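*Asks:* 3D, please:
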Amino acid sequence: MRIRYAGWLVALAIVIFFAIGGLQIPHVEATGGLALDGSGFGSRTGINSCVLSQNLTTTQQPDVIVALVAINDTTTTVTSPTDTASLHWTYRASRQGLADVQIFFYYAIASQVLAADNITFGLSSSRVATICETFGISGADTNLPFDPNPGMPNTNYGNYTTNSVTYNTYNPNDFLIILQGFCASGSAGSGGPSGFTPIVGADRTHVSSNNCPDFFQTNTYYEIVPTTQSSNTVSWPFDAEYSPFAIIGDAIQSTPGSLSASVVAGSNAVDLGQLESFSCTGMGGVYPYAYSWTFGDGSIGAGASTTHIYSAPGSMSVTCTVTDSLGTTANGAAQLTVNTRKTLTSVTCAGPFITNHGSACNVTVTDNSPGTFITPGGTLSLSQTGVTGSFTACVLGGTSASATCSSTFTASVIGTAMLTASYPGDSTHASSSGTTSIGVNSPLSITSFTASLSSLDPGERVTLAVSTSGGGGALSYSYVNLPTGCLSTNATTLSCTPSSSGNYAVRVTVTDQAGESVAATVSITVGPQKVLGLPAALGLGIIFGTILGIGALAILSTVLVIRRRKRRQAP
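*Replies:* Coordinates of the predicted model:
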C-alpha cells in the first residue's frame, strides 16, 4: 500500500478518536527540573477561529504555556489567543513560508495549575484550514522564560524534502522545542528530528482551497538538553516529495539555581614572568554573565578566560567575580604559588692547575624559567674540597638571560679538587650551584738532562734525553748550544752526529701551558778529527810517507829494469 493511503487511514482514525471520545492526551508530570506538563490540540476548516478540541490540563505550577496556530494561507492574520483561564498571552514569533504555510507562536505564564483550559485563536479569514496546539512546561524560569541568546528563536521555511533548524543557547539546561507547519505533498507526514520527542501527533485536515495538494499538517517536538547548544543544526526529512513548510525552533530555560562561580588555573604554581592562564565558569543565576578578576597582587582583569604575569613571588589568592543579568554576584577562588625564577649555575676553569699559580674560573648563572627572562644578579660564593686554595671575588654581570663572572683560583697543594660555585639567588631568582673537578700539579721541574756520550769524536752519534715532573698541560722543548750537525727539536730526546770538535754546554728549556719555564745544561766534548784512528798529523804523515815510499820503490824498479835491458843489448 502506498504511503499516501496509509496517511488517509491515520487521518480517519484521528477523526474517529475525536468524534467518539474527545479524550485528553495524557500529560507528563514534572518530577524536578524541566518537564512537559500536559498538552492540548484542535483543528478547524472554514471557520474564523481555531479552538482546542482537547483542552489543556497541567499538574505543576507555575508553568510556561506555549500555544501554536498553523494556517494554510499567508494572507490570514491571527489575533492574540483567549482562554477560559484568562491567561495573559504574549506574541513570541511567527514564520511565513511559501504561499500556503504560516505559523504563529504565543506564550503565557500560568501561576496555577490549569484544568481543561480551552484556548481560542481568532482568524481574519474563514476560507482556511488551521491547526492549533498548546502544551505546558514546568520547571522553567517564569520570569525570563526563554534562553537569552539572540540566535533564538530560529526560523526556517522552504519547499524541500528535508527541513532544519539551528540552536544557539547560553544555558546548559534548556527545553528545546520545534514548531512545524507544512503541506503534505502526497506524503503521510514528515520524519522526526533525532533526539526529539513528539508532543502531540500530526493531524491532517482537508483544505477547502487548493493551497495544499493533499493535507495541511503540523508537528511539535521537544528535547531537554544537558549542554549548551552552539550552532547545533537539527534536520529531519519529509517523504520523497517536496513539501512547503515553516518552522520555529526555540529554547526555554530552566529555573535558575543559586549563582555560583568556579575558577580553574592553568597550574597551581608558576614562576615570576611566566604567563599563567585562568578560566571562570558561572552557573545558576540569569545569563548572560560578566566576569571580573583580582589576581592577588593588586592587578585586575576581565573576561571568562584571562591570563596574567606575576612580578613578585608569594602565595596568591585569585578571585573571579561573576555578575549575572540581575546584578547578583558570586565569587570563585583559586590559590596559586608564585615562585622565584629557576636558575642554572655552571663553572668552568682554564688549566693548567699548578700550586701557587692562579687559574681563571668562569661562572655562568642562567635564568632557566619559561616566560620573559630576568637577568640574575649578585655575588657568587666559590669553594673547593680536596685541596687548599683561595678564590677572588665573583660578581655577576650581564643583560641577557645569563649573567657571568670570573674568579682566580690559586691552589696551595697538589691533588684533585672539586670546585663549587654557589649562587645565593636574589629577589626574583632561586639559588643554584655548579661544580667542576680539576687536578692540581706541582710546579714544573727538570729531573734529569743527560747525554749518551759526554766525550766523543766527530762522526760519532750522541743522544740527549730530558726528564721532567709537575707542570700543567702539554710541555714544549727547545735545545741551544748544539754542535754543528745537531738541530733542536720539540721532544724529550734529541739524537744527532756532531760534525765539529769542541766543548759544548747544551741547554734545554722546558715550558708548560701556564708559561712556566725551566732549563738544564749538559756538557759534551767533541774531539778533533782522526785519520787512520790516529791524531790527524800522525795519520796524515803515515799516509804521505807511505805514498812517498811507494813512489820511490816504483822509480827504483824502473831504473833497474832499464839497466837490465841495456846489458842484454851490449855485444
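*Asks:* could you look up the SS state of Val561?
*Replies:* Judged by DSSP: H, G, I helix; E, B strand; the rest coil, the three-state class of Val561 is helix.
*Asks:* quick one: it from Asn72, how far?
*Replies:* As judged by CB to CB, to the nearest Å, Val561 and Asn72 stand 170 Å apart. Using the backbone N, CA and C atoms, a C-beta is placed for each residue, glycine as well.
*Asks:* so between the two, which is more surrounded?
*Replies:* Asn72 (29 against 10; other CB atoms under 10 Å).
*Asks:* which residue sits closest to the more buried one, ignoring its sequence neighbours?
*Replies:* Leaving aside its chain neighbours, Asn72 sits nearest to Phe216 (4.1 Å; criterion: CB to CB, 6 or more residues apart in numbering).
*Asks:* can I take it that Gly542 is in a strand?
*Replies:* Just to correct that, residue 542 is Ile rather than Gly. No. Using three-state DSSP, the assignment for Ile542 is helix, not a strand.
*Asks:* for Leu556, see how far away it is.
*Replies:* 21 Å.
*Asks:* what about the helix or strand harbouring Trp236, distance to the chain center?
*Replies:* Element membership of Trp236, judged by DSSP states H and E, is strand 232-237. Once both centres are worked out by CA atoms, centre = their mean, to the nearest Å, strand 232-237 turns out to sit 36 Å from its chain's centre.
*Asks:* direction included, what does it pair against?
*Replies:* strand 162-167 (antiparallel) (DSSP bridges).
*Asks:* on that earlier part again, thinking the residue nearest to Asn72 is in contact with Gln180, fair?
*Replies:* No. Counting by CB atoms under 8 Å, Phe216 does not reach Gln180; the two are 11.7 Å apart.
*Asks:* neighbour count: those two, which is higher?
*Replies:* Set side by side, Phe216 and Gln180 show more neighbours around Phe216, with 29 against 26, by other CB under 10 Å.
*Asks:* circling back: report the beta-bridge partners for the residue nearest to Asn72.
*Replies:* Cys183, Thr205.
*Asks:* ok so, going back, so for Ile542 and Leu556, which residue has more residues nearby?
*Replies:* Higher neighbour count among Ile542 and Leu556: Ile542, with 13 against 10, using other CB under 10 Å.
*Asks:* so where's the protein uncertain?
*Replies:* 1-32, 186-188, 201-211, 240, 530-541, 570-571 (pLDDT under 70).
*Asks:* ranges for the helices of it?
*Replies:* Using DSSP state H, the helices of the chain run over 3-20, 536-569.
*Asks:* if we ignore the residues flanking it in sequence, what's nearest Ile374?
*Replies:* The nearest residue in space to Ile374 (CB to CB, 6+ apart) is Thr428, at 5.0 Å.
*Asks:* who's in contact with that neighbour?
*Replies:* Shown in contact with Thr428 (CB atoms under 8 Å, 6 or more residues apart in numbering): Leu272, Pro313, Thr340, Arg341, Ile374.
*Asks:* and the furthest pair within those?
*Replies:* Pro313 and Ile374 (11.7 Å; CB to CB).
*Asks:* mutual contacts of those two, please.
*Replies:* Joint contacts of Pro313 and Ile374 (CB under 8 Å, 6+ apart) are Leu272, Thr428.
*Asks:* hmm, back to that, quick one: buried residues of the strand holding Trp236?
*Replies:* Within strand 232-237, the residues that qualify as buried are Asn232, Val234, Trp236, counting by 16 or more other CB atoms under 10 Å.
*Asks:* what does stretch 461-476 give?
*Replies:* So stretch 461-476, judged by 16+ other CB under 10 Å, has buried residues Val462, Leu464, Ala465, Val466, Thr468, Gly470, Gly471, Gly472, Leu475.
*Asks:* correct me, but the last one touches Leu444?
*Replies:* Yes. The pair formed by Leu475 and Leu444 meets the contact definition of CB under 8 Å, at 7.5 Å.
*Asks:* shared neighbours of the two, anything?
*Replies:* In contact with both Leu475 and Leu444: Thr468, Val510, Thr511, Asp512, using CB under 8 Å, 6+ apart.
*Asks:* number of nearby residues for the second one?
*Replies:* A total of 22 residues lie near Val510 under the criterion other CB under 10 Å.
*Asks:* please name the bridge partners of it.
*Replies:* Tyr477, Val518.
*Asks:* can you pull the contacts of it?
*Replies:* Leu444, Ile446, Val466, Thr468, Gly471, Leu475, Ser476, Tyr477, Ser517, Val518, Ala519.
*Asks:* apply 6 Å and report the result again.
*Replies:* Ile446, Thr468, Leu475, Tyr477, Val518 (CB atoms under 6 Å, 6 or more residues apart in numbering).
*Asks:* next: the last one.
*Replies:* For Asp512, the contacting residues are Leu444, Gly471, Gly472, Gly473, Leu475, taking CB under 6 Å, 6+ apart as the criterion.
*Asks:* what about the strands in the stretch 401-550 of the chain?
*Replies:* 402-411, 415-423, 432-440, 445-451, 455-456, 462-469, 476-480, 493-496, 502-511, 517-526, 530-531, 534-535 (DSSP state E, counting those that start in this stretch).
*Asks:* then the stretch 251-400 of the chain?
*Replies:* Using DSSP E, counting those that start in this stretch, strands in the stretch 251-400 of the chain cover 260-265, 269-271, 275-283, 290-294, 300-302, 305-309, 314-323, 329-339, 343-349, 358-367, 379-385, 389-391, 394-395.
*Asks:* got the contact list for the strand holding Trp236?
*Replies:* Thr161, Thr162, Ser164, Val165, Thr166, Tyr167, Gly191, Gly192, Pro193.
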